[in-house]
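J.: This is a predicted model, with the sequence first.
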Amino acid sequence: MAASSSTSTCSSFSLLLLLLAAATWRSGEAAAATAARALNFTRQDFPREFVFGAGTSAYQYEGATDEDGRSPSIWDTFTHAGKMPDKSTGDLGAGGYHKYKEDVKLMSDTGLEAYRFSISWSRLIPRGRGPVNPKGLEYYNSLIDELVERGIEIHVTLYHLDFPQVLEDEYHGWLSPRVIEDFTAYADVCFREFGDRVRHWTTMDEPNVLSIAAYDSGAFPPCRCSPPFGINCTAGNSTVEPYVVAHNSILAHASVAKLYRDKYQATQKGVVGMNIYSFWNYPFSSSSADIAATQRALDFMVGWILDPLVYGDYPEIMKKKAGSRIPSFTEEQYELIRGSADFIGINHYTSVYISDGSNGEKAGPRDYNADMAATFRSKFSFDVKKAKFIFEERYAEWSVCPYHAPKRSEGAAMSRAFRNGADVKGYFVWSFLDVFELLAGYHSPFGLHYVDFEDPNLPRQPKLSAHWYSKFLRGEIGINIRNTISPDEHEHADQ
């Protein structure tokens, strides 16, 4: 993707590719036919089982943070402490708690085939464990019923960075193995109450982001870090805690997946997976050091989470670099985590060039970035150590302005992967409408639909990107990949 100018009124597409390894829906004949279709594609070129959708998350969308029994999450604490650059909070969100019926109708009018949203643990179970909040239960049941009535496929994320503050206070959240039991009990409530209508469950969003941004740099709540790696943190250990948090996240996911398979999957017929953040990496040069750093960065960014879910253990390079600072899986845990994902969701905004950073390795404390020993380069100035993994905001530079149709599309890359045999199941735009963006507040709106946050009624207005997406979904327009990739990529697309 090429960078375009960024403004605070731009809407950005992000890519979620659902790779359902357990299922295949394309016969050999269909695959051959797909590959034979030149470089143009329309909605009709994808099977009906393939879904096009959009997403939001609870803290960013719902608002009503102190209504109907909801307790604070760590993001409430963070924003109310004035940690946002503009001192904004998610108290308003996009007003989805009260406007969900209007929004589901808008989804239907847009032609959306699927909607991905998250459940607020703090709204459903305000104490983190124990009694279910009737008002929270009523809200999510009503939202799900509206989606079912409109024929929109439902994709639920159980955890999207908004951990209950009460459990953070009790045992430091994801740092403690106690989170595994509490997260599994929370998931059990969701499966029991909503699983008769929900078939697609994502346990958590971007545990690799959570681990680094919240426990190495300290940019995300609960803002834990240690010098010289983090900023303005009063507690934490950047050298160890990111690895511990990722470890507990993987075990919590696997525990939830086992629960679903043992107790619910036979009757509910759903699937459980995990969502991670990714760059795609290219070597900055043809040197062996840059090539090795490119693979190392891929192992650290993606393999960190995916290798345990597929193979039962971390990449060897991570274990070598981090040594005793990265926890080990027991034999029992190996059996639990291996094969625990029915699908993998990929959040992908851009690709980067990687050069070797091993020359900078020094004795003394080391964190995740020092262990990875790679320098990230792109068409904008990007230093992964300084960027602190503030992803959506950083990639506003890949925005599509709201009053202009998109010039380029992730659909091009997705279609190439699709034609080359990747078992891609869906594409989700971030976000369905303007929401409270993490660490950017209300000033970097990415939505297909504009929300006027200055108006108490929070009116919605479709941007041209929404009109374009709607026309594509209805089969009125298609995409010519030759117009969405640079000339030097044409040769690769033709192959």
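T.: On my side now, so go ahead.
J.: How is the closest residue to residue 89 other than its chain neighbours assigned, secondary-structure-wise?
T.: Closest residue to residue 89 apart from its sequence neighbours, by CB to CB, 6 or more residues apart in numbering: residue 79 at 3.9 Å. C-betas here are computed from N, CA, C, even on glycine. The assignment at residue 79 comes out as helix when based on DSSP: H, G, I helix; E, B strand; the rest coil.
J.: Any idea how many residues pack against residue 79?
T.: 23 (other CB atoms under 10 Å).
J.: And for residue 109?
T.: The burial count for residue 109: 12, using other CB under 10 Å.
J.: Show me which positions of the longest helix seen in the chain end up buried.
T.: Longest helix in the chain, counting residues (DSSP state H): helix 241-263. By neighbour count on 16 or more other CB atoms under 10 Å, the buried set for helix 241-263 is 241-257, 259-260.
J.: Dihedrals phi and psi, residue 204?
T.: Note on residue 204: backbone dihedrals following degrees, to the nearest 10 are phi -150, psi 150.
J.: hey, what's it bridged with?
T.: For residue 204, the beta-bridge partners are residue 159 (DSSP bridges).
J.: who are the neighbours in contact with it?
T.: 157-160, 210, 249, 252-253, 274-275 (CB atoms under 8 Å, 6 or more residues apart in numbering).
J.: do you know how far it is from residue 299?
T.: 20 Å (CB to CB, to the nearest Å).
J.: who's in contact with residue 435?
T.: If you count contacts by CB under 8 Å, 6+ apart, then residue 435 has 56-57, 60-61, 93-94, 445-447, 451 around it.
J.: at 6 Å instead, please
T.: 56, 60-61, 94 (CB atoms under 6 Å, 6 or more residues apart in numbering).
J.: Buried subset of those, written for ChimeraX?
T.: Buried residues among the contacts of residue 435 (16+ other CB under 10 Å), as a ChimeraX selection:
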select :56,60,61,94
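J.: Filter the contacts of residue 435 down to just the ones in helices.
T.: Going by DSSP H, the helices hold 60-61 from those.
J.: I figured the residue nearest to residue 89 hits residue 87, correct?
T.: No. Counting by CB atoms under 6 Å, residue 79 does not reach residue 87; the two are 8.3 Å apart.
J.: tell me the mean pLDDT for stretch 172-179?
T.: For stretch 172-179, the mean pLDDT works out to 98.
J.: Neighbours of residue 91, how many?
T.: So residue 91, with other CB under 10 Å, has 14 neighbours.
J.: what's near enough to touch it?
T.: residue 65.
J.: any low-confidence regions in the stretch 301-450 of the chain?
T.: 360-362, 379-418 (pLDDT under 70).
J.: repeat that with 90
T.: Counting by pLDDT under 90, the stretch 301-450 of the chain shows low-confidence ranges at 348-351, 358-365, 377-424, 439, 443-446.
J.: Break down it into its helices, ranges please.
T.: With DSSP state H, counting those that start in this stretch as the criterion, the stretch 301-450 of the chain has helices at 304-311, 316-322, 331-337, 368-372, 384-387, 391-394, 410-419.
J.: Name the nearest residue to residue 57, ignoring sequence neighbours.
T.: Nearest to residue 57 is residue 160, by CB to CB, 6+ apart, at 3.9 Å.
J.: From residue 212, how far off is the one you found?
T.: Counting by CB to CB, the gap from residue 160 to residue 212 is 16 Å.
J.: Over to residue 164?
T.: 21 Å.
J.: do residue 218 as well
T.: On the measure of CB to CB, residue 218 and residue 212 end up 10 Å apart.
J.: neighbour count winner among the two?
T.: Just comparing residue 218 and residue 212: by other CB under 10 Å the higher neighbour count belongs to residue 212, 28 against 25.
J.: that's a helix at that one, yeah?
T.: Yes. The assignment for residue 212 by three-state DSSP puts it in a helix.
J.: So which residues of the chain form strands?
T.: Secondary structure of the chain (DSSP state E): strands located at 15-19, 40-41, 51-55, 114-118, 153-159, 200-205, 271-283, 343-356, 374-377, 426-430, 449-451, 460-462, 479-480.
J.: May I see those strands arranged in JSON lines, with distance to residue 441 as well?
T.: Below are the strands of the chain laid out as JSON lines (distance: least, CB to CB, whole Å):
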{"stretch": "strand 15-19", "distance to residue 441": "23"}
{"stretch": "strand 40-41", "distance to residue 441": "37"}
{"stretch": "strand 51-55", "distance to residue 441": "19"}
{"stretch": "strand 114-118", "distance to residue 441": "19"}
{"stretch": "strand 153-159", "distance to residue 441": "21"}
{"stretch": "strand 200-205", "distance to residue 441": "19"}
{"stretch": "strand 271-283", "distance to residue 441": "20"}
{"stretch": "strand 343-356", "distance to residue 441": "19"}
{"stretch": "strand 374-377", "distance to residue 441": "25"}
{"stretch": "strand 426-430", "distance to residue 441": "16"}
{"stretch": "strand 449-451", "distance to residue 441": "13"}
{"stretch": "strand 460-462", "distance to residue 441": "19"}
{"stretch": "strand 479-480", "distance to residue 441": "33"}
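J.: Quick one: closest of those strands to residue 310.
T.: Closest of these to residue 310 is strand 343-356, at 8.8 Å (criterion: CB to CB).
J.: List the buried residues in the closest one.
T.: 343-350, 352-356.
J.: would you turn those into CSV with distance to residue 145?
T.: Shown next, in CSV, are these (distance: CB to CB, whole Å):
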residue, distance to residue 145
343, 25
344, 29
345, 24
346, 30
347, 28
348, 32
349, 33
350, 37
352, 42
353, 47
354, 47
355, 52
356, 54
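J.: So which of those residues is the closest to residue 311?
T.: Nearest to residue 311 among the buried residues of strand 343-356: residue 344, at 13.4 Å, using CB to CB.
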